[in-house]
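Chemist: Output the structure for:
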Amino acid sequence: MRNSPERLAWTVLSISFIAFCVLITTGPLGVRNYLLKATEAQETQVQRIAGTVLVRRLNGGQLGGVLESGVVLPGDQVIIDSATRAVLDLFDRSHVTLYSNTTLQLLDVESPRFALSNQPNRIRLNLTGGLARVGVALPRERDTLFEVVTPHTTVTLAEGSYRIEVNNDRTQVTVLRGEAHLPHEEANVTLVQGMRTSVGLDGVPSEALAMAQNLVVNGDFQQPLATGWVTGTIVLASGVNPPRVEIVEDGGRNAVQLVRREPDDGNHTQVSIQQALDRDVRDFDFLQISLDVMVNYQSLSGGGQQSSEFPVIVWLDYKDQWGNDKFWTHGFYYQNERNFFINTDTWGRPLGEQVPQAVWFPYESGNLMELLGDSKPVRVTSIKVYASGWNYDSLVSEVQLVVE
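Modeler: Predicted coordinates for the structure are as follows:
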């Protein structure tokens, strides 16, 4: 029996009409989906603090050195040896500080290609070993999904400041400020400020624990400066404009700015923030000062002729076991053009430390209970952060005095 030409024509026409409907429907949907989902990779700046930063590129495979600063892309691996420290500045103003013997790979650092997209920025880092301080910036035009992958877990980080340490056996996550989420089918753990957890080879996060106690109030300057702190200035000559101190925002974090930039350079001034503590610490075996500093400008070289006029100085007043008034201090500077000698303290350590200009530098004193020996604190009296010299412009953030 022969097929009907009319039936065949109608069949072809129907199929063509259906195909046309599919095309006019899926075509715009495909374009819309592309506009919403398309992403583009973003550059990350790597800044050397000390030593030589090694970078293994995604395609080349060979190691290259970064002597001062450079650019890394998704897929690149940053390698820090025992004598090196570095800072990664991400496109959304987040930053990651890498300490000695640390390896980190940038898995994803990307943003939506088109403004029409409602997708978040995406930053995914692979910390395979070592210690990283992660600062996640406040979102601006769009949110950022920020994840750190380790051999033991994946950590999702909200805006804040975090300490993540990885060794062969475990990953330890500490929340200095913000909120961290560690998902697992057996135990989902959410950490808030002042908490920590560790994840072993089984991938299960331990119960959230309180981290060591921080004796400093408002050290992240999220509240007005008068909360916990007293400001002060010293001007030795009449008619000299005094320096200023105020809270500013930089790179998604609050910081205190200590600044004097006046035409009458060469006059000594000082500006400080100080907090009374009056805390007995005799029952603790660990005491450490930490803070983030950035020195933008200093006109006086080094710490001056007496190693006492640095653009940032941290000073701890305390009493020892015999009731004697003692102090510990440490300064920061970026230039010493006149080659002033940097004096040492009683234990032979330099009173000042050279840091990169205009780069956030995270500092940890180490355990002062051990470093100060028989002169270790029994009661801490106060902590002061100040700038001293001629003209200067410095920022300070995340001031902590941790005991445990």
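Chemist: how about stretch 191-211: buried residues?
Modeler: Residues of stretch 191-211 classed as buried by neighbour count (16 or more other C-beta atoms under 10 Å): 191, 195-199, 203, 205, 208, 211. C-beta: built from backbone N, CA, C; applies to glycine.
Chemist: cool, and stretch 237-249?
Modeler: Buried, per 16+ other C-beta under 10 Å, within stretch 237-249: 243, 245, 247.
Chemist: got the end-to-end distance for that stretch?
Modeler: Using C-alpha to C-alpha, to the nearest Å, one end of stretch 237-249 lies 32 Å from the other.
Chemist: And stretch 314-323, by the same measure?
Modeler: One end of stretch 314-323 to the other measures 22 Å (C-alpha to C-alpha).
Chemist: how far out from the middle of the chain is it?
Modeler: Counting by C-alpha atoms, centre = their mean, to the nearest Å, stretch 314-323 is centred 29 Å from the centre of its parent chain.
Chemist: List of residues touching it?
Modeler: Stretch 314-323 has contacts (C-beta atoms under 8 Å, 6 or more residues apart in numbering) with 282, 289, 291, 325-331, 363, 368, 374-386, 399, 401.
Chemist: Just the ones in helices from those residues, please.
Modeler: Mapping the contacts of stretch 314-323 onto helices (DSSP state H) picks out residue 368.
Chemist: quick one: average pLDDT of stretch 169-187?
Modeler: Averaging pLDDT along stretch 169-187 gives 90.
Chemist: Doesn't residue 265 lie inside a helix?
Modeler: No: under DSSP: H, G, I helix; E, B strand; the rest coil, residue 265 sits outside any helix and is assigned coil.
Chemist: you'd agree it is up against residue 391?
Modeler: Yes: Residue 265 is in contact with residue 391 according to C-beta atoms under 8 Å; the separation is 5.1 Å.
Chemist: Spit out the residues that contact these two alike.
Modeler: With C-beta under 8 Å, 6+ apart, residue 265 and residue 391 have common neighbours residue 299.
Chemist: Those two: which has the busier surroundings?
Modeler: Between residue 265 and residue 391, counting by other C-beta atoms under 10 Å, residue 391 is the more crowded of the two (21 against 12).
Chemist: Go ahead and confirm the more buried one touches residue 309.
Modeler: No: in this structure, residue 391 is not within contact of residue 309 by C-beta under 8 Å, at 11.4 Å.
Chemist: For the chain, which residue occupies the most central location?
Modeler: In the chain, the C-alpha nearest the mean C-alpha coordinate belongs to residue 135, at 3.7 Å (C-alpha atoms, centre = their mean).
Chemist: how about it, phi and psi?
Modeler: Phi and psi for residue 135, reported as degrees, to the nearest 10, are phi -110, psi 110.
Chemist: partners of it in the sheet?
Modeler: Counting by DSSP bridges, residue 135 is bridged to residue 95, residue 161.
Chemist: Domain ranges for the chain, per the record?
Modeler: The chain breaks down by automatic domain parsing into domains covering 39-211, 230-403.
Chemist: one step back: where does confidence bottom out across the buried residues of stretch 191-211?
Modeler: Ranking those by pLDDT puts residue 211 at the bottom, with 78.
Chemist: so how far is residue 197 from that one?
Modeler: Separation of residue 211 from residue 197 (C-beta to C-beta, to the nearest Å): 10 Å.
Chemist: same question, residue 293
Modeler: Distance from residue 293 to residue 197, counting by C-beta to C-beta: 29 Å.
Chemist: where does the stretch 51-200 of the chain have low pLDDT?
Modeler: 60 (pLDDT under 70).
Chemist: As CSV, the buried residues of stretch 191-211 with distance to residue 50 and secondary structure would be great.
Modeler: Shown next, in CSV, are the buried residues of stretch 191-211 (distance: C-beta to C-beta, whole Å; DSSP: H, G, I helix; E, B strand; the rest coil):
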residue, distance to residue 50, secondary structure
191, 30, strand
195, 31, strand
196, 27, strand
197, 30, strand
198, 28, strand
199, 30, strand
203, 34, coil
205, 33, strand
208, 34, coil
211, 27, coil
